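Undergrad: sequence and computational prediction follow.
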Amino acid sequence: MKQLADKTLLLLEDNVEFIDNATSLFKMFVAHVWVAHTIQEAFMLLEKEHIDIIISDIHLKNENGLDFIREIRKNNDTIPILVLSGHKDEELLFKAMTLNLSGYLLKPINFNMLVQGLTECVKKLEINSQSIVALKDGFCYDKALKHITQNSNIFELNKKEILFFEMLCQHKNTVLTRDMFLAYVYEYEPMSESALNNFVMRIRRRFGKTFLHTIPDIGYKLIV
């Protein structure tokens, strides 16, 4: 499964013996496996590391894996998630139906079922790649949902900010001139120099001071 060769996976599991065996198996498909023993550890890894796929046990010692997935889905409905369980639980499966899962794995993991689950993850990643544009410092613009994400954080955008990022998607490697701002962001409404400067300042304040590089007397260029 070559599509996963450069991907990372987060495993939320508290059974040490299972972790050792599962990690070796997952490494056959992905570049790196991060392991969290608790929900808190899982969220810490999501904040610090780039994670492409999540596999979470439902039955943790003192926690519920579905609670973890529900929290993820509040801010991120695109990352592929597979759930693990030591036995088939129809009630839990019913509860999980609304969480946009890519698959359900029973322990011990059946190799063919794992391949099937990861295949569904690949499909979701391919769909995501068509609508998500990578920017800098881990920021991404979601063309479908019209917002910015960075790890598990979501940044809602106003109308002009949406138009700005749509312009970036079309002209990612192009110098953004004043005329382009006028056409794409302001839709040919009156735009003073101070209005443009204030807009750029707000973008830099939200997404980093070096997000846009000023090119004197010409315009701005995205730093990637």
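TA: In hand now; what should we look at?
Undergrad: what's the neighbour count on E71?
TA: Neighbour count for E71, taken as other Cβ atoms under 10 Å: 15. The way it works is simple: take the backbone N, C-alpha and C, and place the C-beta from them, glycine included.
Undergrad: tell me which element it is part of?
TA: helix 65-75 (DSSP states H and E).
Undergrad: chain center to that helix: distance?
TA: 14 Å (Cα atoms, centre = their mean, to the nearest Å).
Undergrad: any idea how this protein splits into domains?
TA: Structurally, the chain divides into domains by automatic domain parsing as follows: 2-131, 157-222.
Undergrad: so what secondary structure elements neighbour the helix holding E71?
TA: In terms of contacts (3 or more Cβ pairs under 8 Å, 6 or more residues apart in numbering; DSSP states H and E), helix 65-75 is packed against helix 39-48, strand 53-57, strand 81-85, helix 90-96.
Undergrad: give me the contacts around the longest one.
TA: The set of residues that contact helix 39-48 without belonging to it, under Cβ atoms under 8 Å, 6 or more residues apart in numbering, is 10, 12, 34, 36, 51, 54, 56, 60, 63, 67-68, 71-72, 151-152.
Undergrad: try it again with 6 Å
TA: L10, L12, W34, A36, E63, F68, N151, S152 (Cβ atoms under 6 Å, 6 or more residues apart in numbering).
Undergrad: can you flag the buried ones in those residues?
TA: Neighbour counting with 16 or more other Cβ atoms under 10 Å marks L10, L12, W34, A36, E63, F68, N151 as buried within these.
Undergrad: which two from the residues you listed end up farthest apart in space?
TA: Greatest spatial distance in these: E63 and N151, 21.1 Å, computed using Cβ to Cβ.
Undergrad: may I ask which two of the contacts of helix 39-48 are separated the most?
TA: Largest pairwise distance in these, by Cβ to Cβ, is 21.1 Å, between E63 and N151.
Undergrad: which residues touch E161?
TA: E161 neighbours (Cβ under 6 Å, 6+ apart): none.
Undergrad: now the helix or strand harbouring it: buried residues?
TA: Secondary structure assignment for E161, by DSSP H and E: helix 159-170. The neighbour-count check on helix 159-170 (16+ other Cβ under 10 Å) flags K160, E161, I162, L163, F164, F165, E166, M167, L168 as buried.
Undergrad: you'd agree the first one is up against V185?
TA: This means K160. Yes. Using Cβ atoms under 6 Å, K160 is in contact with V185, at 5.4 Å.
Undergrad: which one of the helices and strands packed on helix 65-75 lies closest to L25?
TA: Nearest of the helices and strands packed on helix 65-75 (Cβ to Cβ): strand 53-57, 10.6 Å.
Undergrad: strands paired with the closest one, and their directions?
TA: Here strand 53-57 is paired, per DSSP bridges, with strand 8-12 (parallel), strand 81-85 (parallel).
Undergrad: which among these is found nearest to N110?
TA: The minimum distance between N110 and the strands paired with strand 53-57 falls on strand 81-85, with 11.9 Å, by Cβ to Cβ.
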